[in-house]
Each structure stands twice: as structure tokens, then as C-alpha cells.
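[1] sequence and predicted structure below; questions after.
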Amino acid sequence: MAFENLMGPGRRLALGLGVAATLAFGGTQAMAETLRLGNEGTYPPFSMVDTTGTLTGIEPDLAREMCKRMAVECEFVVMDFKALIPSLLQNKIDVVASQVKPLAERKERALFGLPVFWNPDTFVVRKDSTYTFTNEGLAGVKIGLQRGSSQAKFIEVNFPAMEKIYYDNPDQIRLDLLAGRVDATFSAKINWTIELIEKPEGKDYMLAGGDFWTGEDSVPENERGSSWIVNKGQEALLARMDETLKAMLADCSFTKIREKYLSVAIAPQEAACAK
């Protein structure tokens, strides 16, 4: 497997799709395709960097299996979530392999693949709070949000009276929530359940307000979810990725990878793999 770049794109030869050969020792030698996959690495259990510096979690493991089946090399580039789509548009990476919800402005710039991550958003607040989850009921409440996220956009549009404080990653939000510097956050239900609610330090916190879809309203309910994305013009690449992910879902290897990190299904297609 190709080198995993945990410090950003840096200096390296990026072998894009379609590169077939290079001169070596005076002749022609075939070269493997390389996909540069962008991932945020701070979204457990979906992605995180372990103590050895290796990118791990559901998303990287799924991506490795996908690349193996596609017979391409994987090169991971870890960066803040807000930098992923700009890096894709600047051709610094080939795929955003972090969960991306289909917002109108995103769909104008990129192609969305098979939705395979269903993880609704919800509020996280202290158990002793008495908020009413309306714009008026949350007026003046300090909420921690991740920059560039669909959750931030949703709160900006639907809860303008809240006091918004922006962060680069969920770890920073969690620290400030526990320290009382923000009153709430709004983000992925599964992640916050695992990373706070089910932990001892989360004993005073709860999920509240119900489940929300923060993608495009026009997306049918049975098609809602987050996807990996590629640049426009890369329809062939996206088709290969979708075909491979569908095969992984069908043979339950998707579910086996997910079960290493998470006990609940994240894709509707996993129902056929239930024991």
C-alpha cells in the first residue's frame, strides 16, 4: 500500500488515474494507478490516527478494501474537514473519502457517490438544560460547530438566534463543551454517542432535539445519507467506486469492516447481512 501522508499533500509525485506507463531502464514499465484519498482523521470511529501515526477507522479500512478490489494504490492525505473539498477542486486529491452530505453548493462542484453512511444529526446538551429546540428557545445559546460542515450550515439557516462558535474538528468542540465554554453542539448522532455520551465524562450530557437530516431537502428519504465525492468529469472513476462499494455491501465485507469499530449498521443495505 502506498505511503500515507498525514501531513498534507506536500512534495510527491501524484500518479493520477489514466497514467499507464513510464520509462525505466531505457524501456517501458507499467505503473499502478494511484488514488489520493482525502480524510479528516479526527472523526472516530469513522476515522482517526492511532498512536503509531496510522490512519485507521471505518472509512480508511473501507477505502483500502475498495482500492484493493479496484487494483489501485491508495495514498491517504489527512487534513481538516474544511480543507477537503477545496483540495479536491484544486486536484490535490482525487477523492474525498470522508462523509459528505449532498448540499446544493457542493453538488454544483463535485460528483456524489453511493450514499453509504446514514448518521443523523442531533443536539448535544447538558442533562440539566431545559431548552426548547426552536430558534426562539435557543436564542443566545452558545453552540460549537465544525467549520465548513453541513451541520454548521443547517444551524446558520434554521437557528440564526444561536451564538455560533466555530472549530476545526470535533475534539476541540468536545473539550470546550466539557469546560463549559459552549452550551451545546450539533453533529453526528453515532459519533457523539460513542465519543461522549457513553463515556464517564459524558454522564452529565444527553442527545436532544430529535434526529435531523442536514443535506438537501430534495433528496428522497430512502436515498439520504453521506457519500464520498470526486471532481466533476470523473464519472468513470465514480462508477468504479460505486460498483465496488455495492459489491462490498452485497458480500457483507462492508459490514465486517464496520463491525470492527461500531455495533450498529450505517447503511440500509446492511440489513441483508444481519445475523
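    That came through, no problem. All of these numbers come straight from a predicted model, not from anything done at the bench. Numbering: from 1, shown residues only.

[2] can you give me the domain assignment for the chain?
    Residue ranges of the domains in the chain are recorded as 21-117+224-273, 121-212, according to automatic domain parsing.

[3] in stretch 90-98, what's buried?
    With burial defined by 16 or more other Cβ atoms under 10 Å, the residues of stretch 90-98 counted as buried are Lys92, Ile93, Asp94, Val95, Val96, Ala97, Ser98. In this view, the C-beta of every residue, glycine as well, is placed from N, C-alpha and C.

[4] which non-adjacent residue is nearest Val100?
    The spatial neighbour of Val100 that comes closest, neighbours along the chain excluded (Cβ to Cβ, 6 or more residues apart in numbering), is Ile229 at 5.1 Å.

[5] so who does the residue lying closest to Phe159 once chain neighbours are set aside touch?
    When the adjacent residues along the chain are set aside, Phe159 lies closest to Asn135, with 5.2 Å between them (Cβ to Cβ, 6+ apart). Residues near Asn135 by Cβ atoms under 8 Å, 6 or more residues apart in numbering: Asn158, Phe159, Pro160, Ala161, Met162.

[6] for Asn135, grab phi and psi.
    Here is the backbone geometry of Asn135 (degrees, to the nearest 10): phi -60, psi -40.

[7] then the strand or helix carrying Lys256 to PDB, C-alphas only?
    Counting by DSSP states H and E, the secondary-structure element that holds Lys256 is helix 253-259. C-alpha atoms of helix 253-259 as PDB (Å, rounded to 0.1, in the frame of the first residue of the first chain):
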ATOM      1  CA  SER A 253     -17.400  -7.400   3.700                       C
ATOM      2  CA  PHE A 254     -18.600  -3.800   4.300                       C
ATOM      3  CA  THR A 255     -20.500  -5.000   7.400                       C
ATOM      4  CA  LYS A 256     -17.500  -7.000   8.600                       C
ATOM      5  CA  ILE A 257     -15.300  -3.900   8.400                       C
ATOM      6  CA  ARG A 258     -17.900  -1.700  10.100                       C
ATOM      7  CA  GLU A 259     -18.400  -4.200  13.000                       C
END
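
[8] now do that helix: which elements does it pack against?
    Contact partners of helix 253-259 among helices and strands, from 3 or more Cβ pairs under 8 Å, 6 or more residues apart in numbering; DSSP states H and E: helix 58-70, helix 235-250.

[9] for Pro44, see how far away Arg181 is.
    Arg181 sits 22 Å away from Pro44, taking Cβ to Cβ, to the nearest Å as the criterion.

[10] picking up where we left off before, weakest of the domains of the chain by average pLDDT?
    Comparing the domains of the chain by mean pLDDT, the weakest confidence falls on domain 21-117+224-273, with a mean of 90.

[11] run a quick neighbour tally on the nearest residue to Leu245 once chain neighbours are set aside.
    Of all residues not flanking Leu245 in the chain, Leu114 sits nearest, at 5.3 Å (Cβ to Cβ, 6+ apart). Here the neighbour count serves as a burial measure; for Leu114 (other Cβ atoms under 10 Å) it reads 19.

[12] next up, phi/psi of Leu114, please.
    Given degrees, to the nearest 10, the pair of backbone angles that Leu114 has is phi -60, psi 130.

[13] that one and Ile229 touch, don't they?
    No: counting by Cβ atoms under 8 Å, Leu114 sits too far from Ile229 to count as a contact (11.0 Å).

[14] could you confirm the residue nearest to Val100 falls within a strand?
    Yes: checked against DSSP: H, G, I helix; E, B strand; the rest coil, Ile229 lies within a strand.

[15] and it, what is it in contact with?
    Listed by Cβ under 8 Å, 6+ apart, the contact partners of Ile229 are Ile85, Leu88, Val95, Val96, Val100, Arg106, Ala110, Leu111, Phe112, Gly113.

[16] repeat for Asn231
    Asn231 makes contact with Leu88, Leu89, Asn91, Asp94, Ala110, Leu111, according to Cβ under 8 Å, 6+ apart.

[17] now Glu201
    Neighbour list for Glu201: Leu178 [criterion: Cβ under 8 Å, 6+ apart].

[18] same thing with the one 5 residues further on?
    Neighbouring residues of Met206 by Cβ under 8 Å, 6+ apart: Val124, Val125, Arg126, Lys127, Ile197.

[19] cool, thanks, talk later.
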